[in-house]
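> A structural model of the following input is requested.
(one chain, ligands or ions: 1)
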Amino acid sequence: VPQGGFAEAGADLELVGISKRFPGFTAIEELDLTIPAGSFFALLGPSGCGKTTTLRLIAGLEEPTTGRILIGGRDVTSTRAYQRPVNTVFQSYALFPHMTIIENVAFGLKRRGIKNADPLAHEALQLVELDHVANRKPAQLSGGQQQRVALARAVVNRPALLLLDEPLGALDLKLRRQMQIELKDIQSEVGLTFLHVTHDQEEAMTMADTVAVMNKGRIEQMGNPQELYELPHTAFVATFLGQSNLFTGEVTSSGSSSISVDVSGTTIDVRSDRAQRHRGRVTVGVRPEKVTLYDSAPKQSSDRNVVGPGRVTDVSFSGVSTQYEVTLPTHGVVTVFSQNTSITAMHHDGDEVWLSWDVGHTFGLADESY
Ligand code: ATP
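You can find the predicted model right below:
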């Protein structure tokens, strides 16, 4: 629908030096962000970090205090909301209750005087696999189906940029997981640029090509999900994207391939390219599933970090894995996820254990953990 400035395919989005100050409160601080056309981008962060404000600025519902917004290379900073090539799907997907599903989806197109609105609306409903309920009223659909109709209504306009503000928030967990996969499929099928806002790390990681982790109005780190998970740069990112064990100590040697960090008398090595800082006090970390437990001290080797002994203080078995809490006098409590759940290999409450993990799975943070 190449009408009203609406693009055929997705457009890239650029935020340049965007700040948003409310009286007495800075919600967004000097935000720079480039989202390539056709990508599925997630803005991930806790409640109050400024995600919704960022979306409202892009949609034109809020005016930035400083900075510029460009969509498809066009500066839209002072363009009115309804003239921007943007559509938003909110958590509360208000469909018109008195209209049928097809009327709901075709509504925006008809209002803009587009002639073949009905076939386009049917096409959008096929995309979300709901064309067979086109003549029903919203109340006759489930929550998940209504959400898919809201999505069809948003993509039928072919906005260059689709903003999704916790669109799955109202759904139960099972439906949410299912919709995450569907939403991703729809995005790759239509090729529009999706900007998805969520506080759910699993949702951001499973859906997006690129995730930006936001904290207190700033982007802490941006990258593909694996990168962020394997190599978090800050304690906030490390803990927000799943569990991690963090240790703080002093760098005792710093070479071209690795650095050594003394943590309470134990040396932990980090590959230099995975350390953000190479001297002074640093925090290093490892994910719980990367750690292996031993019931006697494992042989020292240059490519493994070894810590211990400690005592198992908690065991919880979940079927696919077992979570251990190991308490060490030197390192505090360390969490370990073990896939090996055979009875004979289990460690028990009170057992003395050593922990070991690959040096390559150790990450070094840019900030000090508290
Ligand atoms: P949530 O996930 O809870 O929606 P969020 O990350 O989307 O959180 P925002 O809604 O963007 O957060 O709000 C960011 C901060 O800006 C919050 O601390 C909020 O209180 C503040 N804020 C938002 N709108 C206004 C306003 N109109 N006046 C003053 N402060 C505001």
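> which bits of this protein sit near the ligand?
Contact residues (CB under 6 Å from any ligand atom) of the chain with the ligand: F22, F25, A27, G45, S47, G48, C49, G50, K51, T52, T53, H199. Backbone N, C-alpha and C define where each C-beta goes, glycine included.
> again, only using 5 Å
Counting by CB under 5 Å from any ligand atom, the chain comes close to the ligand at F22, F25, A27, S47, G48, C49, G50, K51, T52, T53.
> show me the two of those that sit farthest apart.
The distance between the two most remote of the residues of the chain next to the ligand (CB to CB) is 16.3 Å, for F22 and S47.
> looking at these two, which is more packed in?
Neighbour tally, F22 and S47, criterion other CB atoms under 10 Å: the higher count belongs to F22, 11 against 7.
> need the contact list for the residue in the stretch 101-250 of the chain positioned nearest to the ligand.
Taking CB to the nearest ligand atom as the measure, the point where the stretch 101-250 of the chain comes nearest the ligand is H199, at 5.2 Å. H199 sits next to L44, G45, P46, S47, K51, E166 when contact means CB atoms under 8 Å, 6 or more residues apart in numbering.
> spatially nearest residue to G10 (excluding sequence neighbours)?
Distances taken as CB to CB, 6 or more residues apart in numbering put T193 closest to G10, at 3.5 Å, once the chain neighbours are dropped.
> pLDDT score for the one you found?
Note for T193: predicted pLDDT of 93.
> can you count the residues close to it?
Neighbours around T193, by other CB under 10 Å: 27.
> that one pairs with what?
Using DSSP bridges, the beta-bridge partners of T193 come out as L161.
> that one against T34, yeah?
No: if you go by CB atoms under 8 Å, T193 and T34 don't touch, sitting 11.3 Å apart.
> which stretches of this protein form helices?
Taking DSSP state H, the helices of the chain run over residues 51-59, 101-111, 117-127, 143-155, 173-190, 201-207, 225-230, 235-240.
> how about R21, what does it touch?
Neighbouring residues of R21 by CB under 8 Å, 6+ apart: A27, T65.
> is it bridged to anything, and to what?
Beta-bridge partners for R21, by DSSP bridges, are T26.
> what stretches of the stretch 251-370 of the chain score poorly on pLDDT?
For the stretch 251-370 of the chain, the stretches with pLDDT under 70 are 341, 343-344, 368-370.
> in it, what residue is nearest the ligand?
Closest to the ligand within the stretch 251-370 of the chain is D367: 21.0 Å, counting by CB to the nearest ligand atom.
> report how many residues lie close to that residue.
Neighbours of D367 (other CB under 10 Å): 16.
> and G144, by the same measure?
Neighbour count of G144, defined by other CB under 10 Å: 18.
> between the helices of the chain, which gets the lowest average pLDDT?
Among those, helix 173-190 carries the lowest mean pLDDT (a mean of 85).
> please compute how far that one lies from its chain's middle.
15 Å (CA atoms, centre = their mean, to the nearest Å).
> that older thread, mutual contacts of T193 and T34, please.
Common neighbours of T193 and T34 (criterion: CB under 8 Å, 6+ apart): D12, L13.
> tell me how far P97 lies from D165.
P97 sits 22 Å away from D165, going by CB to CB, to the nearest Å.
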